[in-house]
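[1] coords please:
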Amino acid sequence: MASDTPTTETPAPAPAVEEPASLWKHREFLKLWLGYTTSQFGSQITVVAMPLVAIVILGADEAAVGTLGAVGRLPFLLFLFAGFWADRFRKRPTMIAADVGRALLLLLIVVMYLTDTLTLFWLGTISFFSVALFVFFEVANMSHLPFLVGREHLGDGNAKLQLSTSVSRIAGNSAGSALVSTFAAALVLVVDVVTFLVSAISCALIRKPEPVPTPGEDRPGVFSSIAEGLRWVWRDPLIRPGVIAAGFYMFFYTGIEVLLPLWMVQGLGLSPYWLGILLAVGAPGAILGSLLATRSMKWIGIGPAFFWPTVVGNLSLFLIGLATGPTWLLLVMIGAAQFLLGITGPIAMVASATLRMGATPQHLQGRVMASQRAVALSLAPLGALLTGLLAAGIGMRTTLLICAAGAVIPIFVLALSPIPKTKGMPEPQEH
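    Numbering: from 1, shown residues only. Take a look at the predicted model:
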C-alpha cells in the first residue's frame with residue numbers, strides 16, 4: 001500500500017487552508033461517503049436475498065450451502081495481492097472498476113433467473129468473482145482514504161464510514177426482509193446493482209488528483225514483501241496471538257454464518273421475513289459498540305478491551321445452536337446473540353487494530369495489515385465447506401453447537417498471551 005513505500009508516491013501539493021475543518025464540509029470525502037453508504041445499504045439487502053436465492057429458489061441443502069459459503073470466501077486469499085495492486089496502481093480507478101464489475105455480476109444473476117438458466121454452479125461462480133472484486137475494492141478504499149482526507153481527519157473518516165456500515169445494516173436488512181416477502185429473492189438483487197453504480201459514479205466525481213505510483217529501484221518484489229509482512233506477524237508476541245485467535249474464530253464463526261439462514265428457515269421454521277430482522281438486530285449493538293470502542297480502551301486498557309469483548313461475543317454464539325421453543329423465544333435467543341455480537345465486535349476490532357498499529361513499524365503497516373487479514377480469513381472457506389458437510393451428516397443443531405464450542409478456542413489463545421495485560425499503546429519491537 002501507499003504507506004509501505006512512501007518514496008514511490010508524491011503527495012498532492014494542497015495548501016492547508018484548502019482543507020475543510022470538518023469532513024461534513026469536505027466535498028471530496030462527502031462524495032466517497034455517499035457512494036460508500038449507498039453501496040453498503042444495497043449490500044446488506046443482498047446479504048438477506050442471496051442465501052434465499054440458493055435455499056428457496058435453487059433448493060440448496062446443507063452441503064450445498066456450505067460449499068457456496070466456501071466458494072464465496074476463497075477470494076479472501078487475494079488480500080495479499082490486492083495490497084500490491086493498490087500499491088502499484090491508482091486506487092480510485094480500481095474502486096470504480098470493482099463497483100461496476102460487481103453491479104454487472106449481480107445483474108447477471110437476475111438475467112439468468114428470468115431466463116430460467118440460474119443454477120447453483122453459476123451462483124457460486126458469480127459469488128466468487130463478486131467477492132474477489134470486493135477484496136480489491138476494500139484494499140484500495142482503505143489505502144485511498146488517508147490520501148483523500150489527510151492524517152488529521154483519518155480517525156474521523158474511519159468513524160463515519162463505520163457508522164454508515166452499522167446504520168446500513170439496520171436499514172438494508174430491514175428493507176431486504178420486506179422486499180423478499182414481496183418479490184423473488186433474485187429480483188431483489190437489482191437494488192444492489194443500482195447502489196453499486198451510484199458508488200462508482202460518486203467515486204468518479206471525486207476531483208482531488210491522485211498521484212500515479214511510480215516503481216522504485218529499491219522496492220522489493222511482491223513475494224519478498226509478502227514474506228516480510230508474514231514474518232513480522234509471526235514473530236511479534238502481540239500480533240501473532242491475535243492472528244491465531246482470528247483464524248480459529250473465522251473458521252468456526254463462518255460455519256455458523258453460512259448455516260444461519262438455513263437453520264432459521266428450515267431448522268426452526270421461521271419465515272424468511274425474520275431472517276433480515278434478526279440480522280438487523282446486531283446493527284444497534286454495532287453502533288453502540290463503535291461509540292464505546294475508544295472509551296473502553298481508555299477505561300480498561302487496549303488489551304483488555306480486545307480480550308473481554310471477545311469473551312462475551314464468542315460465548316453468545318451458543319444461543320444460536322441452543323435456540324428452541326415457541327417463536328418468541330427463538331427470536332429472543334437468536335436476537336440476543338446478534339446484539340451481543342454487534343456490540344462486542346466493534347470494540348474488539350478497534351482495540352485489536354490499535355494494538356497492531358502500535359506494535360508495527362510505519363514502513364510495515366500495510367503489509368502487516370494485509371497479512372493479518374489474509375491469514376485470518378484464509379480459514380473461512382474451509383470452515384464453511386466442512387460445516388456444511390458436517391451438518392448434512394449429523395444435523396444443523398449439533399453442528400452449530402460444535403462451532404460455538406470451537407469459538408471458545410480464541411478466548412484461550414488470547415488469555416495465554418500478553419494481550420490481556422497490555423493496557424497502553426505498545427511500541428514496535430525488533431524481530
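[2] make it CA atoms for all contacts and neighbour counts henceforth
    Will do.
[3] now the helices for the stretch 301-431 of the chain?
    302-315, 318-322, 327-359, 365-377, 380-394, 396-406, 409-415 (DSSP state H, counting those that start in this stretch).
[4] give me the phi and psi angles of the residue most central in space within the chain.
    The C-alpha lying nearest the average C-alpha coordinate of the chain belongs to Glu138 (C-alpha atoms, centre = their mean; 8.9 Å). Phi and psi for Glu138, reported as degrees, to the nearest 10, are phi -60, psi -50.
[5] wait, what's in contact with Ile109?
    Leu118, Leu123, Ile126, Ala186 (C-alpha atoms under 8 Å, 6 or more residues apart in numbering).
[6] thinking again about what came up before, could you measure from the residue nearest to the centre of the chain over to Leu148?
    To Leu148, Glu138 is 15 Å away according to C-alpha to C-alpha, to the nearest Å.
[7] and Gly124, by the same measure?
    35 Å.
[8] and Asn141, by the same measure?
    10 Å.
[9] re the thing from before, could I get the contacts of Ile109 as a markdown table with pLDDT?
    Converted to a markdown table, these look like this (pLDDT from 0 to 100):
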| residue | pLDDT |
| --- | --- |
| Leu118 | 93 |
| Leu123 | 92 |
| Ile126 | 93 |
| Ala186 | 89 |
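[10] closest to Ser43 among those residues?
    Ala186 (13.5 Å; C-alpha to C-alpha).
[11] the closest one against Val110, yeah?
    Yes - with contact defined as C-alpha atoms under 8 Å, Ala186 counts as touching Val110 (5.6 Å).
[12] and those two? Which one has more around it.
    Ala186 (25 against 20; other C-alpha atoms under 10 Å).
[13] give me the contacts around the helix or strand containing that one.
    Assigned by DSSP states H and E, Ala186 belongs to helix 185-204. The contact list for helix 185-204, computed with C-alpha under 8 Å, 6+ apart, reads 31-32, 34-36, 38-39, 41-43, 45-46, 49-50, 52-53, 57, 92-93, 95-97, 99-100, 102-104, 106-107, 109-110, 113, 176, 179-180.
[14] could you do stretch 62-78 as well?
    Residues contacting stretch 62-78 (C-alpha under 8 Å, 6+ apart): 54-55, 124-125, 127-129, 131-132, 135, 255, 258-259, 262, 374-375, 377-378, 380-392.
[15] now, of these, which are buried?
    Buried members of the contacts of stretch 62-78, counted by 16 or more other C-alpha atoms under 10 Å: 54-55, 124, 127-129, 131-132, 135, 255, 258-259, 262, 374-375, 377-378, 380-392.
[16] first-to-last residue distance for stretch 208-222?
    28 Å.
[17] and it, average pLDDT?
    Averaging pLDDT along stretch 208-222 yields 67.
[18] re the thing from before, contacts only, for the residue nearest to the centre of the chain.
    So Glu138 contacts nothing (C-alpha under 8 Å, 6+ apart).
[19] ok, which stretches of the protein are strands?
    Using DSSP state E, the chain contains no strands.
[20] show me the shaky parts of the stretch 301-431 of the chain.
    362-367, 430-431 (pLDDT under 70).
[21] measure Met369 to Met349 for me?
    13 Å.
[22] more neighbours, these two?
    For Met369 versus Met349, neighbours defined as other C-alpha under 10 Å are more numerous around Met369 (21 against 17).
[23] spatially nearest residue to that one (excluding sequence neighbours)?
    Arg356 (7.9 Å; C-alpha to C-alpha, 6 or more residues apart in numbering).
[24] ok, that neighbour touching Pro241?
    No - taking C-alpha under 8 Å as the definition, Arg356 is not a contact partner of Pro241, at 11.0 Å.
[25] how close does the residue nearest to Val350 when sequence neighbours are not counted get to Leu230?
    Once flanking residues are discounted, Val350 sits nearest to Ala293: 6.4 Å by C-alpha to C-alpha, 6+ apart. Noted for Ala293: a distance of 27 Å to Leu230, by C-alpha to C-alpha.
[26] hang on, the earlier thing: what subset of the contacts of Ile109 is buried?
    Leu118, Leu123, Ile126, Ala186.
[27] quick check, nearest of those to Pro304?
    Using C-alpha to C-alpha, the buried ones among the contacts of Ile109 come closest to Pro304 at Ile126, 40.8 Å.
[28] low-confidence ranges, the stretch 101-250 of the chain, go.
    Short version for the stretch 101-250 of the chain, where the test is pLDDT under 70: 146, 151-159, 213-220.
[29] picking up where we left off before, mind picking the two most distant members of the contacts of Ile109?
    It's Ile126 and Ala186 that sit farthest apart of the contacts of Ile109, by C-alpha to C-alpha, at 13.0 Å.
[30] how does this structure divide into domains?
    As given by automatic domain parsing, the domain ranges for the chain are 17-217, 220-422.
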